[in-house]
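Asker: Okay, predicted coordinates and the sequence, questions at the end:
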Amino acid sequence: MEASARYPPFQLGKSRFEQTTFYGRFRHFLDIIDPRTLFVTESRLKEAVQLLEEFQHGTLPSGVTNEEAIIHPDTNQKIFMPFRMSGYIPFGTPIVVGLLLPNQTLTSTVIWQWLNSRSHNACVNYANRNATKPSSTSKFVQGYLGAVLSAVSIAVGLNVLIQRANQFSPATRLLLQRFVPFPAVAGANICNVILMRHSELEEGIHVLDSNGEVVGSSRIAAKHALLETALTRVVLPMPILVLPPIIVSMLEKTAFLRSRPRMVLPVQSLVCLAAFGLALPLAISLFPQMSEIETWCLEPEIARATASKTVVYNKGL
């Protein structure tokens, strides 16, 4: 099959997959989170960025195919490897495994909740935010501390409640403790997104018309962007922190793991990795990255500034 048949014409800033459908967004984000992009060399990255610049200025050399042009490069300001979406699964899975370890102590709960994405997630949220407006370091620190406190408070509080609940047998208590990370992570994820990107609510984010021109900065669009991102952060930990405890508890009853207790951790790690690999593209595919909103819903000055009935904004990842 020729490349022209397999690859549609390249469009700057647009995906090769249809973004109005969930399946199209799912295929798009499978490319975005592909961990193979972590190993792209600096020279190959510069070549890709150069191709984009030449395409933008209409000076693309002859012989460049759509297959070459649609390679996903990073931005000119490269994101640190662990905080890219393509690094989310490989760098996040060990933390998820630690969260789901049985017989957690108060100290281990605090440590894993701090590592779990209150540090990792905070940086991922910040690195993949809508960056049309600069944000200060002090706001990043405030958001980070708020996210850490919320995660640790929820996790420790639930663990204490379970330990003090005398109506539960030791086995039931152990099983319930395995599910504690989900409400802690889901609740903290919401706080994380809001606190780390609070400047967007204060200053607004750029909205663009059908020609890609900036119409203005909208705080209403920022609210929509943060709400959509927060919802994905609630959906994301569901399969990761709910399915592995169920699956592992069932596998622990098998003859294989009963006779090989040392294999429980490797098996749990593989289950977490599989759940993470499925959950991430499903969650971030819920909404398009470039979301659309009707102009009349926005601030009056923005509605007056364009004849477009709808505008788009980057909700971030």
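Answerer: That came in fine, so what should we check first? These numbers come from a predicted model, not from an experiment.
Asker: Which residue ranges make up each domain of this protein?
Answerer: Domain ranges of the chain: 3-69, 81-314, per automatic domain parsing.
Asker: just how off-centre is the last one within its chain?
Answerer: Computed by Cα atoms, centre = their mean, to the nearest Å, the separation of domain 81-314 from the middle of its chain amounts to 7 Å.
Asker: Next, the buried residues of stretch 20-32.
Answerer: Buried residues in stretch 20-32, counting neighbours by 16 or more other Cβ atoms under 10 Å, are found at 24-25, 27-29, 31-32. The way it works is simple: take the backbone N, C-alpha and C, and place the C-beta from them, glycine included.
Asker: what's that stretch in contact with?
Answerer: The contact list for stretch 20-32 (Cβ atoms under 8 Å, 6 or more residues apart in numbering) reads 15-19, 72, 85-86, 280-282, 284-288, 317.
Asker: Restricted to buried residues, select those in ChimeraX.
Answerer: Of these, the buried ones can be selected in ChimeraX as follows, counting by 16+ other Cβ under 10 Å:
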select :15,16,17,19,85,86,280,281,282,284,285,287,288,317
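Asker: sorry, back to before: mind putting the buried residues of stretch 20-32 in CSV, pLDDT, distance to residue 221 and secondary structure included?
Answerer: Conversion of the buried residues of stretch 20-32 to CSV gives the following (pLDDT from 0 to 100; distance: Cβ to Cβ, whole Å; DSSP: H, G, I helix; E, B strand; the rest coil):
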residue, pLDDT, distance to residue 221, secondary structure
24, 85, 22, helix
25, 86, 19, helix
27, 84, 26, helix
28, 81, 21, helix
29, 81, 21, helix
31, 79, 26, helix
32, 77, 22, helix
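Asker: Out of these, which is nearest to residue 260?
Answerer: Within the buried residues of stretch 20-32, proximity to residue 260 (Cβ to Cβ) peaks at residue 29, which comes in at 36.5 Å.
Asker: Can you show me the helices along the stretch 151-300 of the chain?
Answerer: With DSSP state H, counting those that start in this stretch as the definition, the stretch 151-300 of the chain shows helices at residue ranges 170-179, 181-196, 198-203, 219-235, 237-251, 255-259, 264-284, 300-304.
Asker: So which of the domains of the chain is the most surrounded?
Answerer: Burial of the domains of the chain is given as mean neighbour count (mean count of other Cβ atoms under 10 Å); domain 81-314 ranks first at a mean of 18.
Asker: Give the rounded mean pLDDT of it.
Answerer: Predicted confidence along domain 81-314 averages 80 (mean pLDDT).
Asker: Skip the chain neighbours and tell me the closest residue to residue 210.
Answerer: residue 308 (5.1 Å; Cβ to Cβ, 6 or more residues apart in numbering).
Asker: Quick check: phi and psi on the one you found?
Answerer: Backbone geometry at residue 308, expressed as degrees, to the nearest 10, gives phi -70, psi 140.
Asker: Also residue 315?
Answerer: For residue 315, the backbone dihedrals are phi -80, psi -10 (criterion: degrees, to the nearest 10).
Asker: my read: it touches residue 289, true?
Answerer: Yes: in this structure, residue 315 sits in contact with residue 289. The criterion is Cβ atoms under 8 Å, and the distance is 6.1 Å.
Asker: Send me stretch 222-229 as CSV with only the CA atoms.
Answerer: Once side chains and other backbone atoms are set aside, the C-alpha atoms of stretch 222-229 remain, and they are given as CSV (Å, rounded to 0.1, in the frame of the first residue of the first chain):
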residue,chain,number,x,y,z
ALA,A,222,-10.6,27.9,31.2
LYS,A,223,-13.3,26.6,33.5
HIS,A,224,-14.5,24.2,30.8
ALA,A,225,-10.8,23.1,30.1
LEU,A,226,-10.2,22.4,33.8
LEU,A,227,-13.5,20.6,34.3
GLU,A,228,-12.8,18.3,31.3
THR,A,229,-9.2,17.6,32.5
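Asker: Going forward, count from 23.
Answerer: Got it, first residue is 23 now, which makes that one stretch 244-251.
Asker: contact partners of stretch 227-247?
Answerer: For stretch 227-247, the surrounding residues in contact (Cβ under 8 Å, 6+ apart) are 35, 152, 154-155, 222-226, 313, 315, 319-321, 323-324, 327-328, 330, 332-338.
Asker: could you redo the last one with a cut-off of 6 Å?
Answerer: The set of residues external to stretch 227-247 that reach it, using Cβ atoms under 6 Å, 6 or more residues apart in numbering, is 152, 154, 222-223, 226, 315, 320-321, 324, 327-328, 330, 333-335, 337.
Asker: In contact with residue 172, which residues?
Answerer: Residues counted as contacts of residue 172 (Cβ under 6 Å, 6+ apart) are 210, 213.
Asker: helix, strand or coil for it?
Answerer: Here residue 172 is recorded as helix under DSSP: H, G, I helix; E, B strand; the rest coil.
Asker: coming back round to it: can I get the buried residues of stretch 42-54 in a markdown table with distance to residue 286?
Answerer: Written out in a markdown table, the entries for the buried residues of stretch 42-54 read as follows (distance: Cβ to Cβ, whole Å):
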| residue | distance to residue 286 |
| --- | --- |
| 46 | 39 |
| 47 | 36 |
| 49 | 35 |
| 50 | 36 |
| 51 | 32 |
| 53 | 34 |
| 54 | 33 |
